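[1] quick one, fold the following:
(chains A and B)
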There are 2 protein chains.
Amino acid sequence: MSVSVDPSITTGPIEGSEKAYQTLPDGARVPFRRVNLTNGEHLDLYDTSGPYTDSHAAIDLERGLPPRPGIVADRGTQLQRARAGEITAEMAFIAVREGVDPELVRAEVARGRAVIPANHNHPESEPMIIGKAFGVKVNANIGNSAVTSSIGEEVDKMVWATRWGADTIMDLSTGKNIHETREWILRNSPVPVGTVPIYQALEKTNGDPTKLTWELYRDTVIEQCEQGVDYMTVHAGVLLRYVPLTANRVTGIVSRGGSIMAAWCLAHHRESFLYTNFDELCEILARYDVTFSLGDGLRPGCVADANDAAQFAELRTLGELTKIAKSHGAQVMIEGPGHVPMHKIVENVRLEEELCEEAPFYTLGPLATDIAPAYDHITSAIGAAIIAQAGTAMLCYVTPKEHLGLPDRKDVKDGVIAYKIAAHAADLAKGHPRAQLRDDALSRARFEFRWHDQFALSLDPDTARAYHDETLPAEPAKSAHFCSMCGPKFCSMRITQDIRDAYGDGSAAVAQAGMDAKSAEFAQHGNQVYLPIEPTLRGSRV
Amino acid sequence: MSVSVDPSITTGPIEGSEKAYQTLPDGARVPFRRVNLTNGEHLDLYDTSGPYTDSHAAIDLERGLPPRPGIVADRGTQLQRARAGEITAEMAFIAVREGVDPELVRAEVARGRAVIPANHNHPESEPMIIGKAFGVKVNANIGNSAVTSSIGEEVDKMVWATRWGADTIMDLSTGKNIHETREWILRNSPVPVGTVPIYQALEKTNGDPTKLTWELYRDTVIEQCEQGVDYMTVHAGVLLRYVPLTANRVTGIVSRGGSIMAAWCLAHHRESFLYTNFDELCEILARYDVTFSLGDGLRPGCVADANDAAQFAELRTLGELTKIAKSHGAQVMIEGPGHVPMHKIVENVRLEEELCEEAPFYTLGPLATDIAPAYDHITSAIGAAIIAQAGTAMLCYVTPKEHLGLPDRKDVKDGVIAYKIAAHAADLAKGHPRAQLRDDALSRARFEFRWHDQFALSLDPDTARAYHDETLPAEPAKSAHFCSMCGPKFCSMRITQDIRDAYGDGSAAVAQAGMDAKSAEFAQHGNQVYLPIEPTLRGSRV
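    Numbering: from 1, shown residues only, chains lettered A, B, ... in the order given. Coordinates of the predicted model:
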């Protein structure tokens, strides 16, 4: 790689965890984040962070990550092979990763209800699946712009985003060095990488959308397919006749790709070259097994514009294009809004499923209100949790900087964590078999005052520990039998322990029988509901 | 007031806003936050911040805020007067504040579906209403503990929380100087103040719940009524027979008040003195018009325990107590969970409404997952938005420090903003008549690149501006016709402007007619979709 980057990325395990692998017959190693608990148990969590969190891995950004085994480049797409009844190496990997039957993986891919974004030319990536039968996934957008940031920063953001749980990343670079930035990211990314090829094509016309041509776009797509991009946003649903439908919107067209295509249609008064050349595009993407992410170029940019004629007209066209892409054996997912008030969110999922043959829905938020710039990771995490519960397969994160600037390292983490929360809340609500294990393990640790375990099981152990230490910094407090809210004198958790001691398994019979006896015993012990405070704690700040 | 406090509170208007008042015939002044926009328009927003954001107000913490006019202490509660057909001074104030008919206010209070927490002895407070027919409200918990913080910090947090939109605050102090802390807060609080009297009662037994008595509790309640507390959490639904139902929970009893009462019941093997003396308690609260907040002492502390037998058994008892309280003319609201996965949230509202005659529901979150300590303002904002959409009238905030420590100033603001987002998202989803005006005004400002207006209309102008300045610090960028994400060369918002110029009002007829002409005109102008970049911007960092 010709441009050198600053290699100051974060490596090493997440606090309280270690890397664990399950090795498959083909030699592929399915990664997990193993949380070793102080009570001797452990919990293996889904792990997106790649070798960067493996204390035994040698990281060399110049060389890139080692390729995974089992890649078959000349036998078509995951969709085609699934239809043929084959359980691919990627499907076997995913089945172990998700804890499901490999046949479920194959069947969902064959039906087009799940996709496996895995370009044959991106062997560094660990296979993952996007579909509503599986865990809800999170994408993190990174990428430099004409205004700010460097290649090194973007590689760092990629590693940082996957450390905290990003399942895919999109490189949305628009400035200089687009090709080189992407190369660094691809060669070092343990997760699938998505792009919006029209951004790079626009750089080639020096920013003039009217000078875009099919040939220039096609060559850009091939360039990116060759590099190993796993999925591509294509705004082929922005048709000439839909453009006027946006004229009276409060915020018009806010999708960058959508507005580029609208400008082109407007200037040439012709149908979008993405739409008229869609068959050829399908053939190209299918050749590399690059997954379509059919973009919602007319998505609403504010709650007032949600679910309007322009948005749903485009969605109908995306439904048409889904069928065409699948007829070419290409994998397809569908992008969704944007800004949608809560009561209009579920309709988006229902309509997408109806029109697009249940192709995986991949939504940006949506933001449930427009009034909180600087907090749009929260406004959108609300919408994201609701839309994921309704069936969205992957959530594109929104950072606190949305509408205000480009995300830095802190914003990337804040965005990823907010979206891991939304995705996990949806997994719980959908009854995902593994989801609640983690909540229960953490809650048990909380109840038993195993602070170290509570931190280790959390989405962000570093921050959880730091917040706890602000109130009770001393190390003995990590095993203290009280929490920092109530202090040592009174603690509700302790009283509950006493109740449990009194009533056993909580059944009515046991309770009745034990009540009088326990009441007497309780009084006999001097009505002591609290354990004596340990001497070490008396001496600490508390 | 005998203890002196550090008076370093934040005063002055929120950026881009000024205080505005509508004066009522009785001299009361209904406050609004007036946002003056650069296009000559203005928008008046609901304002909880009191005189502290009025640049003309003289603030003297020693003296306290001036009393409002119109207080009638000897004519019963707002509920009793509403039933008698009276529109009280408080109702008239609230009608203007909420932008609704005074008769709606009276009718909802008479029906018990809304409460006006307004102790006759808290004349410093500006009347507000809690009920599902009105804007969703937000409470912020403050209060010192045995472990940390001082009176001055708590007064500062009260001013700070109301600055960012807290509609009520609860003083949950448990350490020393409980009475004095509360006095400082009450005399200076422009919003209703809630407490949990059992906390202070427990201090009087030196932390031993088994030594609590009805007499000691009653005297504590009267002390707080005399001071001016507007609503009180009473855990009278924790019955002896419910305690064993919690024994097999993952996290037992997590409510502090609930576990105090459970410990008492356990030790004495008698029914809770709150339950057995409830009639007398109603008479006391009604005398001052202190509103009951019937506490959910058995609320779930993790998603595994949500909606279980203990929780819903207590809710049935709260339903009974609601009827008793109302028969005494006392106002009542009902507290709700806690930790609840998304798919179990709505059932809580339905059951509460059914069992408690639609008394206003006042919920803590709920947290939609347990796995994100340090981010529980987000896990719970998700649950809060959903439960508020379903009919919850007031949301008790959760800060990032929940489960880890006591909130500091930053946490208080983060919690309030997250909850203002949840409340506003619910207002939008419920079709609240005024809610979308603000979103639309902000979105128009965004579309028209009126950055100052976008900041001013946001929930937190300071942070929105700071984030924008990180990317584009120069002042000219505040009116730049591009946003910081795309840079000056390409901007989707600009293209939309061009579409609007081309297609007028967006109707099909106009669009058809104008299409060819506009296409030609567009080409004639050299396909220029962008305005020339201003010279000042060429010279700036961009």
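[2] can you classify A:Lys19 by secondary structure?
    State at A:Lys19, reduced to three classes by DSSP: H, G, I helix; E, B strand; the rest coil: strand.
[3] that one bridge partners, please.
    Beta bridges link A:Lys19 to A:Arg33, judged by DSSP bridges.
[4] give me the pLDDT value at A:Asp505.
    Here the pLDDT value assigned to A:Asp505 is 49.
[5] should've said A:His56
    A:His56 is given a pLDDT of 95.
[6] distance of the closest residue to A:Ile59 other than its chain neighbours from chain B?
    Distance criterion C-beta to C-beta, 6 or more residues apart in numbering or on different chains; nearest residue to A:Ile59, sequence neighbours excluded, is A:Thr11 at 5.8 Å. (Glycine included, C-beta is placed from N, CA and C.) To chain B, A:Thr11 is 22 Å away according to C-beta to the nearest C-beta, to the nearest Å.
[7] number of nearby residues for A:Thr11?
    A:Thr11 has 15 neighbouring residues, counting by other C-beta atoms under 10 Å in any protein chain shown.
[8] A:Cys225: how many residues sit nearby?
    By other C-beta under 10 Å, the residues close to A:Cys225 number 21.
[9] hang on, it packs against A:Asp289?
    No - counting by C-beta atoms under 8 Å, A:Cys225 stays clear of A:Asp289, with 9.4 Å between them.
[10] which neighbours do these two share?
    Counting by C-beta atoms under 8 Å, 6 or more residues apart in numbering or on different chains, the contacts common to A:Cys225 and A:Asp289 are A:Asn119.
[11] can you give me phi and psi for the residue of the stretch 201-350 of chain A found nearest chain B?
    Distance from chain B to each residue of the stretch 201-350 of chain A (C-beta to the nearest C-beta) is smallest for A:Gly252, at 2.7 Å. Dihedral pair for A:Gly252: phi 50, psi -140, per degrees, to the nearest 10.
[12] in chain A, which residue is most central in space?
    Geometric centre of chain A, nearest residue: A:Val138, 1.0 Å, by C-alpha atoms, centre = their mean.
[13] in a helix, it, correct?
    No - using three-state DSSP, the secondary structure at A:Val138 is strand, not a helix.
[14] who's in contact with it?
    Neighbour list for A:Val138: A:Gly165, A:Ala166, A:Asp167, A:Met394, A:Leu395, A:Cys396, A:Tyr397, A:Val416, A:Tyr419, A:Lys420, A:Ala423 [criterion: C-beta under 8 Å, 6+ apart].
[15] quick one, what contacts the fourth one?
    For A:Met394, the set of contacting residues under the criterion of C-beta under 8 Å, 6+ apart consists of A:Ile130, A:Val136, A:Lys137, A:Val138, A:Asn139, A:Asp167, A:Thr168, A:Met333, A:Pro360, A:Phe361, A:Tyr362, A:Thr363.
[16] tell me the spacing between it and chain B.
    From A:Met394 to chain B the distance is 18 Å (C-beta to the nearest C-beta).
[17] try the third one
    Look at A:Asp167 and chain B: by C-beta to the nearest C-beta, they are 16 Å apart.
[18] any idea of the pLDDT on that residue?
    Looking at A:Asp167, its pLDDT is 98.
[19] does it really touch A:Thr48, like I thought?
    Yes - shown here, A:Asp167 and A:Thr48 form a contact pair, counting by C-beta under 8 Å, at 5.4 Å.
[20] anything in contact with each of these two?
    What both A:Asp167 and A:Thr48 touch, as defined by C-beta under 8 Å, 6+ apart, is the set A:Met128, A:Val191.
[21] ok, and the closest non-adjacent residue to A:Asp47?
    In space, A:Asp47 is closest to A:Arg33, 4.2 Å off (C-beta to C-beta, 6+ apart).
[22] contact partners for the one you found?
    Counting by C-beta under 8 Å, 6+ apart, A:Arg33 touches A:Ile14, A:Ser17, A:Glu18, A:Lys19, A:Ala20, A:Asp44, A:Leu45, A:Tyr46, A:Asp47, A:Ser49, A:Thr53.
[23] need the residues you listed in JSON lines with neighbour count and pLDDT, can you?
    Below are the contacts of A:Arg33 laid out as JSON lines (neighbours: other C-beta atoms under 10 Å in any protein chain shown; pLDDT from 0 to 100):
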{"residue": "A:Ile14", "neighbour count": "22", "pLDDT": "96"}
{"residue": "A:Ser17", "neighbour count": "22", "pLDDT": "97"}
{"residue": "A:Glu18", "neighbour count": "16", "pLDDT": "97"}
{"residue": "A:Lys19", "neighbour count": "22", "pLDDT": "97"}
{"residue": "A:Ala20", "neighbour count": "18", "pLDDT": "97"}
{"residue": "A:Asp44", "neighbour count": "16", "pLDDT": "97"}
{"residue": "A:Leu45", "neighbour count": "20", "pLDDT": "98"}
{"residue": "A:Tyr46", "neighbour count": "17", "pLDDT": "98"}
{"residue": "A:Asp47", "neighbour count": "24", "pLDDT": "98"}
{"residue": "A:Ser49", "neighbour count": "26", "pLDDT": "98"}
{"residue": "A:Thr53", "neighbour count": "23", "pLDDT": "97"}
